[in-house]
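> Model the following, please.
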Amino acid sequence: MKTNRLEAFSDGVFAIIITIMVLELKVPHDPGINALRPLLPIFLTYLLSFIYLGIYWNNHHHLLQVCRRVSGGIMWANLHLLFWLSLFPFVTGWMGQNHFQSIPVVLYGAVLLMAALAFYILQTLIIRLHGCDSKLAEAIGSDLKGKLSPVLYAIGIGVSFFKPAIAGCIYIGVALMWLVPDRRMEKALESPSRE
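Numbers count the residues shown, from 1 in each chain. You can find the predicted model right below:
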């Protein structure tokens, strides 16, 4: 199977997830600026989750641009990733509504961790299908960010039980790490095909 159907389906799911998240931002009835203050934690969690979804969407897009075909295992791995991403609206809303309390921050980190592991599985299956000398394998390389992220999420989850604010800073730090432009995929797409 070619990748276009998988990418179109995934893009639709990403769009729905973002739409559900933004619907959690309730409009205050008071026109004063003070009415926005209680919404600040909800907006901040929305912003963080929106950035994470943007990172996943961007990396997912690059992953499928390098991929020539997909297998049944890749389709299931993609659904596995989308499952964890579909939980973002729930954990985002819960963490924001509860002003970054311990258990919601733990669950938020757990969903981040599982999404990272699901992306790693998807990436691994695509590399396995296309070979260790494929453009994707070349672009991924040692994947330091991909290996470091789950470790930081696990640390954040542990810290969440005692200092949820520090855990939140860890989650923000991982997002910032991924926002730094990474040209590996673009370079792989620009290089002459070896496949």
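
> just for this structure, where's the confidence low?
Within the chain, the segments meeting pLDDT under 70 span 1, 181-182, 184-186, 188-189, 191-195.

> where exactly do the helices run in it?
Counting by DSSP state H, one finds helices in the chain at the ranges 4-23, 40-66, 72-86, 88-97, 102-130, 135-140, 144-160, 164-179, 184-190.

> Residue 29 is nearest to which of those?
Smallest distance to residue 29 across these (C-beta to C-beta): 15.6 Å, for helix 40-66. Quick note: C-beta positions are derived from backbone N, CA and C, even for glycine.

> Pull the distance from the closest one to the chain's centre.
5 Å (C-alpha atoms, centre = their mean, to the nearest Å).

> buried set for it?
The neighbour-count check on helix 40-66 (16 or more other C-beta atoms under 10 Å) flags 42, 44-46, 48-50, 52-53, 55-57, 59-60, 62-64, 66 as buried.

> what's near enough to touch residue 64?
Applying C-beta atoms under 8 Å, 6 or more residues apart in numbering to residue 64 gives the contacts 3, 6, 7, 10.

> If you rank the residues you listed by neighbours, which is first?
residue 10 (21 neighbours; other C-beta atoms under 10 Å).

> wouldn't that one be in contact with residue 79 here?
No. Using C-beta atoms under 8 Å as the test, residue 10 is too far from residue 79 to be in contact (9.3 Å).

> Could you save the helices of the chain as JSON lines and add columns showing distance to residue 34?
Formatted as JSON lines, the helices of the chain follow (distance: least, C-beta to C-beta, whole Å):
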{"stretch": "helix 4-23", "distance to residue 34": "23"}
{"stretch": "helix 40-66", "distance to residue 34": "11"}
{"stretch": "helix 72-86", "distance to residue 34": "34"}
{"stretch": "helix 88-97", "distance to residue 34": "18"}
{"stretch": "helix 102-130", "distance to residue 34": "25"}
{"stretch": "helix 135-140", "distance to residue 34": "49"}
{"stretch": "helix 144-160", "distance to residue 34": "30"}
{"stretch": "helix 164-179", "distance to residue 34": "23"}
{"stretch": "helix 184-190", "distance to residue 34": "45"}
